[in-house]
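Enquirer: got a sequence here, can you model it:
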Amino acid sequence: MTWLLRQISIEGFRGINNAGSPLELSFHTEKVNSVFAPNGVGKSSIFEAVTFALTGAIPKLDALPAAEQGGTYYLNRFHPGDSGTITLSLQPGQAGPAIDVSVTRSSAGVRTVTVSDGRDGEALLEELNRE
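Expert: Take a look at the predicted model:
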């Protein structure tokens, strides 16, 4: 099945510190979309949030030497919630209702995936994670 990204919502993940007010980006499902902004405002954090949602990892952090503790850089250390949440709002390519897939990482590194219609979130994300 083909899915189109309608919106992404990010809170407390990487460089995004916005307690109680997630960063929300909406996309046109019938057009090509791009994200552009000055350096240092969070474009890479958005990309890494989508990468984490789809794969469960951020390779550049996981590749850091053990002494660097790359896992501690997944969350925004100034966010009071001790967790990061990414929500992908998806529209089926054919007819059907939109769904939300929420991926949360706790400060302990535990990943939780929920889908608004109750389906297996990990299986759906695996389906989406293709070239």
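
Enquirer: in the protein, what secondary structure element scores lowest on mean pLDDT?
Expert: helix 59-62 (a mean of 83; mean pLDDT, DSSP states H and E).

Enquirer: so what are the sheet partners of the next helix or strand after that one and their directions?
Expert: Sequence-wise, the next helix or strand downstream of helix 59-62 (DSSP states H and E) is strand 83-92. Counting by DSSP bridges, the strands paired with strand 83-92 are strand 3-11 (antiparallel), strand 99-106 (antiparallel).

Enquirer: what's strand 83-92 in contact with?
Expert: The contact list for strand 83-92 (CB atoms under 8 Å, 6 or more residues apart in numbering) reads 1-14, 16, 22, 29, 49-50, 52-53, 74-76, 98-107, 128. (Glycine included, C-beta is placed from N, CA and C.)

Enquirer: list the buried ones in the least confident helix or strand of the chain?
Expert: L61 (16 or more other CB atoms under 10 Å).

Enquirer: same question for stretch 10-28.
Expert: Buried, per 16+ other CB under 10 Å, within stretch 10-28: 10-17, 22-23, 27.

Enquirer: grab the longest helix from the chain for me.
Expert: Longest helix of the chain, by residue count under DSSP state H: helix 43-55.

Enquirer: quick one, it and strand 3-11 angle?
Expert: Per axes from the mean of the first three to the mean of the last three CA atoms, to 10 degrees, the angle that helix 43-55 makes with strand 3-11 is 120 degrees.

Enquirer: about what we covered before: the buried residues of stretch 10-28 in strands, which ones?
Expert: Of the positions in these, 10-11, 23 sit in strands, assigned by DSSP state E.

Enquirer: just to check, A37 is in contact with I46?
Expert: No: the pair A37 / I46 is not scored as a contact, 9.5 Å apart, by CB atoms under 8 Å.

Enquirer: shaky segments in this protein?
Expert: Counting by pLDDT under 70, the chain has low-confidence residues at 131.

Enquirer: on that earlier part again, any chance of the buried residues of stretch 10-28 in CSV with distance to G121 as columns?
Expert: Below are those laid out as CSV (distance: CB to CB, whole Å):
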residue, distance to G121
I10, 17
E11, 18
G12, 19
F13, 17
R14, 21
G15, 25
I16, 21
N17, 25
P22, 18
L23, 21
F27, 20
